[in-house]
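*Asks:* take a look and give me a structure for this.
(chains A and B)
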Protein chains: 2
Amino acid sequence: MHIDQLPTGTVTSPMGFTAVAVPAGLKKDNQLDLAIVISAQDCACAAMFTRNQVVAAPVIVDRQTLAENNTTIRVVVANAKNANACTGEPGLANARETQRLAAAALGIQPHQVLLLSTGVIGVPLPMDKIGAGIQTAVAALKRGDTTAAEHGGDAAARAIMTTDTRPKHLAVTVALPGGPVTIGGMAKGAGMIHPHMATMLAVLTTDALIAPDVLTALLHTAVNGSFNRISIDGDTSTNDTVLLLANGLSGTAVADAASQAAFGDALQVVCRELAMMIVKDGEGATKFVEIQVTGAPTAADAHAIANTMATSPLVKTAFAGSDPNWGRLLAAAGRAGVPFNQNAADLWVGVAEARELHLVHQGTPTAYQEAAAAAIFAQPAFKVLLTIGTGESTAVVWTCDLSHDYVTINADYRT
Amino acid sequence: MHIDQLPTGTVTSPMGFTAVAVPAGLKKDNQLDLAIVISAQDCACAAMFTRNQVVAAPVIVDRQTLAENNTTIRVVVANAKNANACTGEPGLANARETQRLAAAALGIQPHQVLLLSTGVIGVPLPMDKIGAGIQTAVAALKRGDTTAAEHGGDAAARAIMTTDTRPKHLAVTVALPGGPVTIGGMAKGAGMIHPHMATMLAVLTTDALIAPDVLTALLHTAVNGSFNRISIDGDTSTNDTVLLLANGLSGTAVADAASQAAFGDALQVVCRELAMMIVKDGEGATKFVEIQVTGAPTAADAHAIANTMATSPLVKTAFAGSDPNWGRLLAAAGRAGVPFNQNAADLWVGVAEARELHLVHQGTPTAYQEAAAAAIFAQPAFKVLLTIGTGESTAVVWTCDLSHDYVTINADYRT
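*Replies:* Down below sits the predicted model:
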């Protein structure tokens, strides 16, 4: 099995997918803020949503839609700047109206339309702008008009950005036993990013022919090893959604075990690359840090420890300051709720490999050189490894620093 | 029962307690950094420590000491600037040596000395400075010398400060059936502050005559309603300790139920005041916010929700920006791991009382005025109330904002 990344891949790289984006007036300055991704043929669909108890209207509507129909999905409508969350019954009605408007414009059924929203919570979706945006986008699509709308997956990836500083998209091809298939993806992230997703939206597309239940299983595995391993601020949003649409237009079936394994690997590559793009473009992020925990009793224990280290404000501000204040890493590990013997703990840091500089051996600082530690923490990307010596399980989490810019961005997000 | 707060109360307000503080050279610029609190008579002692798995040497030594002796404690030695945490066996040896040095200087036994350390993790305690500081402090105490050392509870409270901007101390008197007793306290906080304590040290003193087991029970209740209800950054430190020493010199026994209840109330007042002082002086804090959750199935559920709201970086940066972005409060509540129906949730904010401005009714925003919300979030102190309507239990947590200054203070703490 061979996975090739396409140079400028997007959600429209797989056969039969198109996308269009317009400035619907949600963002300022005529920026793209509404995107429609369309498949020329019915899609099998798998989805994963936030585990937050407070969920946005589009999440509720998508769950209901997919419970009835996960085999003939055709369209995803995504908007930025307004999350349509905490908007009560009127918000649900607005989401259903958005489905209806898109379906009418495109000549399909409302239950073939899925929704994504991201942005401010608690503000009614401006339906006049949403409705006009959909009309403009579909008209431009039908006429091939490039003045009122921008076409293609790159434009769609830009339209869903909020505090993201750059669009996030890629596509890969993978040679399955039955032939090649393509997987494309786009995502937005930036804040409220934490395992079990975040103010994170991702749309994945593929031209593989694949049954919904297989699609769902492979998506769960891929998301657990990617989007659920990242943290920017520990906050989980009301809107997190990953959608995976498979239209089968390549004619290559993903049915046998070998094809499923290969497709799953390629899907994981796409998800992991998008997840890393999200962390690297985290709000105010200047560092990308991989935190590895080994020697834990269970994988859940390892993940809990890595996660606590990845979300500690003290750890993350030390990262921001390039300060090798490793005591905060151990202190964070110690409050993860997993019992371990601090006198069996070892800590390493490194750039290419985590095991470059040994900081703590069996609970006691080594005679490392402060300058060597400072040099590693000054890098834009580095790795931390904690071994706790009570088992065989491991976990990896990717995180970023907590900088002044994070505070600036979030202290007055709505203005 | 009547509780009176003394105008300038400290740990030396109860009868028979003295304190002395010196600049041992741990801090720069000849600032006080080593304090000794001494009782003229043996004390019953209760203590509570961090639940972190990674604990500092003084925590280990204090636990061992109190397991053998909680009836003849005489002295607490506290130092700032170095936590003596993650320092392995040499760190333990240094802590025991500190006990021995203090005991020798004061003519008591090492197991009558308790230790508190706070500051940087992972750096060996400079025993030359600690030893000389103890000698200077005890000599000054014996001679009444005020040139080499400062005397009194206020000096001790200043010596234990790290990133605190002001000393934290108070004392109250309470009229028990058997007569009046005094309770004094001091604390330091500022960062790594989270329920189950933090880089938080507190010393409580009283001249009440009280048995160690009663003292322990009353301390647990008081700490659970005070220090365990505050959060600055969600980080729990390796050194958190609350010590309560009772020397009995008032002659008033706390034995019967009425006396225990009254003493417990007074103890809670002292702990709660110190806890609020800690939050108000949190690193970079400009806001003091009380978060109330009601209508939860259990008190633990209510606390979990309040706590998640109190620690969310997005909530806390919104506080910093005086931005009434209440959606983040609901989003944080929703990820606390407690199931609830968002359509039964109500959210209020206010200054004197939480129920001044109704923001969300049954999951839907009310027609509140944005200016009214902004005016409340602009106050230096305000209250938030979330009702989730699934039970009868409540919780209160006190927190602060996450400001630029928090990042500045912590990005380069060690230099």
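
*Asks:* does the longest helix along chain A come close to chain B?
*Replies:* When chain A is scanned for its longest helix (criterion: DSSP state H), the result is helix A:257-280. No: for helix A:257-280 and chain B, the contact criterion (C-beta under 8 Å from any C-beta of the partner chain) is not met; the two come no nearer than 15.0 Å. (Glycine included, C-beta is placed from N, CA and C.)

*Asks:* mind listing what the very next helix or strand once past that helix pairs with, with the direction of each?
*Replies:* The helix or strand immediately downstream of helix A:257-280 is strand A:288-296, counting by DSSP states H and E. Here strand A:288-296 has these sheet partners by DSSP bridges: strand A:381-387 (parallel), strand A:393-400 (antiparallel).

*Asks:* still on that earlier bit, which elements pack onto the longest helix of chain A?
*Replies:* With contacts defined as 3 or more C-beta pairs under 8 Å, 6 or more residues apart in numbering or on different chains; DSSP states H and E, the secondary structure elements packing on helix A:257-280 are strand A:3-5, strand A:168-176, strand A:179-188, strand A:201-206, helix A:212-224, strand A:230-231, strand A:288-296, strand A:393-400.

*Asks:* which of the residues in that helix are buried?
*Replies:* Going by neighbour count (16 or more other C-beta atoms under 10 Å in any protein chain shown), the buried part of helix A:257-280 is A:259-260, A:262-280.

*Asks:* just the CA coordinates of that helix, formatted as PDB?
*Replies:* Provided in PDB are the C-alpha atoms of helix A:257-280 (Å, rounded to 0.1, in the frame of the first residue of the first chain):
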ATOM      1  CA  ALA A 257      -9.900  -6.500   4.900                       C
ATOM      2  CA  ALA A 258      -6.800  -5.500   2.900                       C
ATOM      3  CA  SER A 259      -8.600  -2.600   1.300                       C
ATOM      4  CA  GLN A 260     -10.100  -1.500   4.500                       C
ATOM      5  CA  ALA A 261      -6.700  -1.500   6.300                       C
ATOM      6  CA  ALA A 262      -5.100   0.500   3.500                       C
ATOM      7  CA  PHE A 263      -8.000   2.900   3.200                       C
ATOM      8  CA  GLY A 264      -8.000   3.300   7.000                       C
ATOM      9  CA  ASP A 265      -4.300   4.100   7.000                       C
ATOM     10  CA  ALA A 266      -4.800   6.700   4.400                       C
ATOM     11  CA  LEU A 267      -7.700   8.200   6.200                       C
ATOM     12  CA  GLN A 268      -5.600   8.400   9.400                       C
ATOM     13  CA  VAL A 269      -2.900  10.200   7.400                       C
ATOM     14  CA  VAL A 270      -5.400  12.800   6.300                       C
ATOM     15  CA  CYS A 271      -6.900  13.200   9.800                       C
ATOM     16  CA  ARG A 272      -3.500  13.400  11.500                       C
ATOM     17  CA  GLU A 273      -2.200  16.000   9.000                       C
ATOM     18  CA  LEU A 274      -5.300  18.100   9.500                       C
ATOM     19  CA  ALA A 275      -5.000  17.700  13.300                       C
ATOM     20  CA  MET A 276      -1.400  18.800  13.300                       C
ATOM     21  CA  MET A 277      -2.300  21.800  11.100                       C
ATOM     22  CA  ILE A 278      -4.900  22.800  13.600                       C
ATOM     23  CA  VAL A 279      -2.400  22.700  16.500                       C
ATOM     24  CA  LYS A 280       0.300  24.500  14.600                       C
END
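
*Asks:* next, the residue of the stretch 201-350 of chain A found nearest chain B: phi, psi?
*Replies:* As assessed by C-beta to the nearest C-beta, chain B sits closest to A:Gly327 within the stretch 201-350 of chain A, at 2.4 Å. Comment: the main-chain dihedrals of A:Gly327 come out as phi -60, psi -30, following degrees, to the nearest 10.

*Asks:* now do the contacts for it.
*Replies:* With contacts defined as C-beta atoms under 8 Å, 6 or more residues apart in numbering or on different chains, the neighbours of A:Gly327 are B:Ala83, B:Ala85, B:Cys86, B:Val120, B:Ile121, B:Gly122, B:Thr238.

*Asks:* where in the stretch 1-150 of chain A is pLDDT low?
*Replies:* Counting by pLDDT under 70, the ranges of the stretch 1-150 of chain A that qualify are A:1.

*Asks:* show me where it has its helices.
*Replies:* Listed in chain order, the helices of the stretch 1-150 of chain A (DSSP state H, counting those that start in this stretch) span A:57-68, A:88-106, A:127-143.

*Asks:* and chain A, what are its domains?
*Replies:* As assigned by automatic domain parsing, chain A contains the domains A:3-280, A:288-411.

*Asks:* roughly how far is the shortest one from the heart of the chain?
*Replies:* So the one you mean is domain A:288-411. Between the centre of domain A:288-411 and the centre of its chain there are 23 Å (C-alpha atoms, centre = their mean, to the nearest Å).

*Asks:* about what we covered before: widest-spaced pair of the contacts of A:Gly327?
*Replies:* B:Val120 and B:Thr238 (11.1 Å; C-beta to C-beta).

*Asks:* between the two, which one's more packed in?
*Replies:* Remark: of B:Val120 and B:Thr238, B:Thr238 carries more neighbours, 30 against 18, as counted by other C-beta atoms under 10 Å in any protein chain shown.

*Asks:* in which helix or strand would I find the more buried one?
*Replies:* Residue-wise, B:Thr238 maps onto no helix or strand under DSSP H and E.

*Asks:* nearest residue to it in space, please, no chain neighbours.
*Replies:* B:Ala85 (4.0 Å; C-beta to C-beta, 6 or more residues apart in numbering or on different chains).

*Asks:* ok, A:Val270 next?
*Replies:* Leaving aside its chain neighbours, A:Val270 sits nearest to A:Gly185 (4.6 Å; criterion: C-beta to C-beta, 6+ apart).

*Asks:* and that neighbour, how close does it get to chain B?
*Replies:* When distances are taken as C-beta to the nearest C-beta, to the nearest Å, A:Gly185 and chain B turn out to be 25 Å apart.

*Asks:* burial of that residue, as a residue count?
*Replies:* A count of nearby residues for A:Gly185, using other C-beta under 10 Å, gives 31.

*Asks:* so who does it touch?
*Replies:* When contacts are counted by C-beta under 8 Å, 6+ apart, A:Gly185 touches A:Val11, A:His169, A:Leu170, A:Ala171, A:Ala202, A:Val203, A:Leu204, A:Thr205, A:Val270, A:Cys271, A:Glu273, A:Leu274.

*Asks:* sorry, back to before: could I get the domains of chain A in JSON lines, plus columns for distance to B:Gly334?
*Replies:* Listed next are the domains of chain A as JSON lines, based on distance: least, C-beta to C-beta, whole Å:
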{"stretch": "domain A:3-280", "distance to B:Gly334": "3"}
{"stretch": "domain A:288-411", "distance to B:Gly334": "17"}
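
*Asks:* out of those, nearest to B:Ala331?
*Replies:* If you check each of these against B:Ala331 by C-beta to C-beta, domain A:3-280 wins as the nearest, at 5.0 Å.

*Asks:* before we move on, back to that, and chain B, which of the helices of the stretch 1-150 of chain A is closest to it?
*Replies:* Between chain B and those, the shortest gap by C-beta to the nearest C-beta is with helix A:88-106, which sits at 2.7 Å.

*Asks:* going by neighbour count, list what's buried in that closest one.
*Replies:* Counting neighbours by 16+ other C-beta under 10 Å, one finds that the buried residues in helix A:88-106 are A:88, A:91-92, A:94-96, A:98-99, A:101-103, A:105-106.
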